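Trainee: I would like to see how this sequence folds:
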Amino acid sequence: MNISLRQLRAFLAVAKLRHFRRAAESLHLTQPAISRQITDLESELDVRLFDRNTREVVPTEAGRYLEVALERVLEELEGVLAYVHSESERRHGKVRVAAVPTLSAGLMPQCIAACARDYPELTVQLHDQAQVMVLDSVRGGEVDFGLAIEPTERETFECETILHDPFVLVCHRTHPLARLAAVPWKKLQGESLILLDHSSGSRRLIDQQLAAHGIDPNIAQQTGHTHTAFRLVEAGLGISITPRLSLPTSDQLVVRPLTPTASRAITLIRRRHRSLSPLAELVWLQIRSIAAQLTQARSAPRKKA
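Mentor: Predicted coordinates for the structure are as follows:
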């Protein structure tokens with residue numbers, strides 16, 4: 001049978017109001033349109049649904065049965081359609097994410113690519129910012145959420161730590177420390193250090209580790225970006241401490257683990273007592289998933305050659 005939702009809704013309106021004109025007005029249709037819908041429905045079902053006279057419209061026995069059954073069925077159907085529609089709508093739109101530079105480069109590209117693959121109607125707008133600016137952007141509602149180093153004022157945000165990223169040493173391949181398989185923190189005493197400046201969320205943690213190991217740091221240069229630090233190291237001006245997610249690509253530089261291991265906590269943050277939109281929730285979960293995959297890959301045993 002070729003029966004439409006328009007016909008069924010028209011039938012219910014007439015059955016409830018017992019009047020074609022009032023039913024037409026309730027559905028914002030003309031009376032002839034309503035009459036045509038009912039006539040087509042009766043023709044398709046091959047049964048009379050209403051007894052009509054000059055004063056009222058009364059459902060027949062078949063009409064009364066159809067009215068009772070349709071109310072339940074249409075309510076369930078509209079609920080199903082509304083859910084499907086919301087699933088479609090939640091994947092359309094823009095999500096703004098603020099991330100510190102090392103995570104903008106080391107984690108967010110994979111997330112944005114995964115979202116583009118899985119949710120092509122969704123746009124992820126990345127705000128590449130220093131730690132302080134990320135926190136301010138989240139706090140002020142300029143972005144949906146942020147990806148940063150665990151903030152000291154954690155109680156002012158809703159936080160979820162998704163990854164622990166260890167600090168490593170970067171030095172020129174001709175530097176004496178390059179001959180070591182792993183470098184103890186204490187070996188950094190007296191070395192010229194090229195570090196990220198204090199706008200970085202990592203700098204506070206690096207300073208804490210240097211102090212914990214009794215190192216009086218000889219800071220030769222401070223930079224806003226790891227790329228600049230790596231170029232200075234490449235020029236032979238010192239060595240650098242950097243998160244593992246931010247590694248150099250130059251064949252003139254080598255990376256060595258620092259012992260004992262010290263890590264920074266990579267944390268998703270949003271405003272406290274504010275729920276994420278369905279779109280933002282999708283991106284939040286995608287970043288969490290990619291971080292979990294990275295953790296799993298790091299912990300997997302390496303195959304022997």
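Trainee: Helices of the stretch 201-305 of the chain, residue ranges please.
Mentor: Assigned by DSSP state H, counting those that start in this stretch, the stretch 201-305 of the chain shows helices spanning 201-212, 226-234, 278-299.
Trainee: Please identify the most buried of these.
Mentor: Highest mean neighbour count of the helices of the stretch 201-305 of the chain: helix 226-234, a mean of 20 (counted as mean count of other C-beta atoms under 10 Å). Backbone N, C-alpha and C define where each C-beta goes, glycine included.
Trainee: same for it, what does it pack against?
Mentor: Contact here means 3 or more C-beta pairs under 8 Å, 6 or more residues apart in numbering; DSSP states H and E; on that basis helix 226-234 packs against strand 157-172, strand 192-196, strand 218-223, strand 239-243, strand 253-259.
Trainee: ok, 6 Å please
Mentor: Judged by 3 or more C-beta pairs under 6 Å, 6 or more residues apart in numbering; DSSP states H and E, helix 226-234 is in contact with strand 192-196, strand 239-243.
Trainee: So in that sheet, which strands flank the first one, and in what orientation?
Mentor: Sheet partners assigned to strand 192-196 using DSSP bridges are listed as strand 218-223 (parallel), strand 239-243 (parallel).
Trainee: quick one: buried residues of the last one?
Mentor: Neighbour-count burial for strand 239-243, counted by 16 or more other C-beta atoms under 10 Å, picks out 239-243.
Trainee: try stretch 94-110
Mentor: For stretch 94-110, by 16+ other C-beta under 10 Å, it's 95-108, 110.
Trainee: start to end distance for that stretch?
Mentor: From its first residue to its last, stretch 94-110 covers 17 Å (C-alpha to C-alpha, to the nearest Å).
Trainee: In strands, which of the buried residues of stretch 94-110 fall?
Mentor: Secondary structure from DSSP state E places 95-99 of these in strands.
Trainee: I'd say residue 234 and residue 249 touch.
Mentor: No. Assessed by C-beta atoms under 6 Å, residue 234 is found out of contact with residue 249, at 10.6 Å.
Trainee: ok, which pair from the buried residues of stretch 94-110 is furthest apart?
Mentor: Using C-beta to C-beta, the buried residues of stretch 94-110 reach their maximum pairwise distance at 95 and 102, which is 20.7 Å.
Trainee: so where's the chain uncertain?
Mentor: Along the chain, segments meeting pLDDT under 70 span 83-92, 300-305.
Trainee: Tell me how many other residues crowd residue 270.
Mentor: Neighbour count for residue 270, taken as other C-beta atoms under 10 Å: 21.
Trainee: Okay, it and residue 150: tell me how far apart.
Mentor: Relative to residue 150, residue 270 is positioned 14 Å away (C-beta to C-beta, to the nearest Å).
Trainee: Tell me if residue 3 really is in a strand.
Mentor: No. Residue 3: not assigned to a strand; according to DSSP: H, G, I helix; E, B strand; the rest coil it is coil.
Trainee: Quick one: residues contacting it.
Mentor: The contact partners of residue 3, by C-beta atoms under 6 Å, 6 or more residues apart in numbering, come to residue 44.
Trainee: again, only this time at 10 Å
Mentor: Listed by C-beta atoms under 10 Å, 6 or more residues apart in numbering, the contact set of residue 3 reads 11, 40-41, 44-45.
Trainee: ok, now residue 218?
Mentor: Residue 218 is in contact with 188-193, 238, counting by C-beta under 10 Å, 6+ apart.
Trainee: Could you measure from the residue nearest to residue 215 when sequence neighbours are not counted over to residue 258?
Mentor: Leaving aside its chain neighbours, residue 215 sits nearest to residue 189 (5.1 Å; criterion: C-beta to C-beta, 6 or more residues apart in numbering). Distance check for residue 189 against residue 258: by C-beta to C-beta, it reads 13 Å.
Trainee: got it, and residue 54?
Mentor: When distance is defined by C-beta to C-beta, residue 54 is 94 Å away from residue 258.
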